[in-house]
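Chemist: Provided below are the primary sequence and the corresponding predicted coordinates.
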Amino acid sequence: MSTYVLLACGFGIGLSIAIWGIFDARKHSRRESADDKR
């Protein structure tokens, strides 16, 4: 049972990090595009 709990926690943490990384990448890409327009 604990194995499934650890897998669930690991999956949740990995998913949250992936979402945060994508969100951060979008922010950086937006900044770069804004600088290019200037």
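Modeler: Looks like it arrived, so ask away. Numbers count the residues shown, from 1 in each chain.

Chemist: what comes up buried for stretch 24-31?
Modeler: For stretch 24-31, a neighbour-count test (16 or more other Cβ atoms under 10 Å) marks nothing as buried. (Glycine included, C-beta is placed from N, CA and C.)

Chemist: could you export it as PDB, CA atoms only?
Modeler: Listed next in PDB are the C-alpha coordinates belonging to stretch 24-31 (Å, rounded to 0.1, in the frame of the first residue of the first chain):
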ATOM      1  CA  ASP A  24       7.900  29.600 -16.500                       C
ATOM      2  CA  ALA A  25       9.000  28.900 -20.000                       C
ATOM      3  CA  ARG A  26       5.900  30.700 -21.400                       C
ATOM      4  CA  LYS A  27       6.800  33.700 -19.300                       C
ATOM      5  CA  HIS A  28      10.400  33.800 -20.600                       C
ATOM      6  CA  SER A  29       9.200  33.300 -24.200                       C
ATOM      7  CA  ARG A  30       6.700  36.200 -23.800                       C
ATOM      8  CA  ARG A  31       9.500  38.500 -22.500                       C
END
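
Chemist: report the mean per-residue pLDDT for stretch 11-24.
Modeler: On average, the pLDDT along stretch 11-24 is 96.

Chemist: now the helix or strand harbouring L6: how far from the chain's centre is it?
Modeler: Assigned by DSSP states H and E, L6 falls within helix 2-37. In this view, helix 2-37 has its centroid 0 Å away from the chain centroid, taken as Cα atoms, centre = their mean, to the nearest Å.

Chemist: just use 896 as the starting number from now, easier for me
Modeler: Fine by me, first position is 896 from now on; the one you just mentioned is helix 897-932.

Chemist: tell me which residues of it are tucked away?
Modeler: Applying 16+ other Cβ under 10 Å to helix 897-932 flags no residue as buried.

Chemist: tell me the contacts of A903?
Modeler: Applying Cβ atoms under 8 Å, 6 or more residues apart in numbering to A903 gives no contacts.

Chemist: for it, give its distance to I912.
Modeler: Counting by Cβ to Cβ, to the nearest Å, the gap between A903 and I912 amounts to 15 Å.
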